[in-house]
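Participant: I would like the atomic coordinates for the input below:
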Amino acid sequence: MNTAVTLSPTIHLIDDDAAVRDGLSLLIGTVGLRVQAWDNPLRFLTEFDRQSIGAIVLDVRMPGISGLTVLDDLIKQGVDQPIIMLTGHGTVDMCRRAFKAGAAEFLEKPVNDEALLETLQSAVRQHVRTRQSKHADHAARERYAQLSEREREVLDFIVAGLTNKEIGRALDLSPRTVETHRANLFAKLQADSLAQLIRHYATLVDEANKT
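Facilitator: Residues are numbered from 1 along each chain as shown. The predicted structure follows:
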């Protein structure tokens, strides 16, 4: 099990204004979300837990380094937590730049409480789904790596839509041997049906063959 997905979601709140941090922390806590507030964006970039589940609330205008620069750094680092930008002086150009850089949402101060909470709850749900999908992909790659070369060949033909007889002719194998490989594939890849096997592993096989 991916333990990171099971942890309590954390909202990382980065704002240089103590009153804003305190107010938003109290608000976000009312829906059961844990808040870790940061007054220094550079310290946040250095210290925050990138494995945590949740979202990032980032003020645009801060002394020393702008929120848009922090956003750019987070995206370049491959951080996958959804990022919600806050600003008291928003412009269309700033909003456009934030979305182009990878922000999940752009909200103006004073932020509407309901809008912020709905945005954060949606972002957390999306992040949980993203992490679960990544975990499933990693597990699938590990299971695929356990296949023998012959089993991978059989899987390629199954994904291509060939029958057991056609696979047997292509690989010079008896139908019984193909059926044995097929059964081993379903067991090793933990697939309950042909449709599930093809759906989960067709893309994985293509990527593996490219590497």
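
Participant: Return the residues in contact with the nearest residue to Gln190 once chain neighbours are set aside.
Facilitator: The spatially closest residue to Gln190, leaving aside those adjacent along the chain, is Arg143, at 6.6 Å (CB to CB, 6 or more residues apart in numbering). Heads up, the C-betas are built off the backbone N, CA and C, glycines and all. Each residue near Arg143 by CB atoms under 8 Å, 6 or more residues apart in numbering is listed here: 188-190.

Participant: Mind telling me what element Arg143 is part of?
Facilitator: helix 113-145 (DSSP states H and E).

Participant: In that helix, which of the residues would be classed as buried?
Facilitator: 116-117, 119-121, 123-124, 127-128, 131, 140, 143-144 (16 or more other CB atoms under 10 Å).

Participant: The residue of the chain positioned farthest from its centre: what's it in contact with?
Facilitator: In the chain, the residue that sits farthest from the middle, by CA atoms, centre = their mean, is Ser174; the gap is 43.0 Å. By CB under 8 Å, 6+ apart, Ser174 lies in contact with Gly168.

Participant: try 10 Å
Facilitator: 164, 168, 180 (CB atoms under 10 Å, 6 or more residues apart in numbering).

Participant: Pull up the gap between Arg141 and Ala183, please.
Facilitator: As judged by CB to CB, to the nearest Å, Arg141 and Ala183 stand 22 Å apart.

Participant: same deal with Gln121?
Facilitator: Noted for Gln121: a distance of 44 Å to Ala183, by CB to CB.

Participant: One more: Arg61?
Facilitator: In this view, Arg61 and Ala183 are 62 Å apart by CB to CB.

Participant: ok, back up a step: and which of the buried residues of helix 113-145 is nearest Ala195?
Facilitator: Top of the list for closeness to Ala195, among these and by CB to CB, is Ala140 at 15.5 Å.

Participant: What's the per-residue pLDDT of the closest one here?
Facilitator: Note for Ala140: predicted pLDDT of 74.

Participant: Next, find the distance separating Glu108 from Leu86.
Facilitator: 8 Å.

Participant: Next, show the common contact partners of the two.
Facilitator: Common neighbours of Glu108 and Leu86 (criterion: CB under 10 Å, 6+ apart): Val60.

Participant: burial of Ala191, as a residue count?
Facilitator: For Ala191, the count of nearby residues is 17 (other CB atoms under 10 Å).

Participant: Could you measure from it over to Arg143?
Facilitator: 10 Å.

Participant: re the thing from before, between Glu108 and Leu86, who's got more neighbours?
Facilitator: Higher neighbour count among Glu108 and Leu86: Leu86, with 24 against 15, using other CB under 10 Å.

Participant: is the more buried one in a bridge, and if so with what?
Facilitator: With DSSP bridges as the criterion, Leu86 is bridged to Asp59, Leu107.

Participant: was I right about it contacting Leu120?
Facilitator: No - look at Leu86 against Leu120 with CB atoms under 10 Å: they stay out of range, at 11.5 Å.
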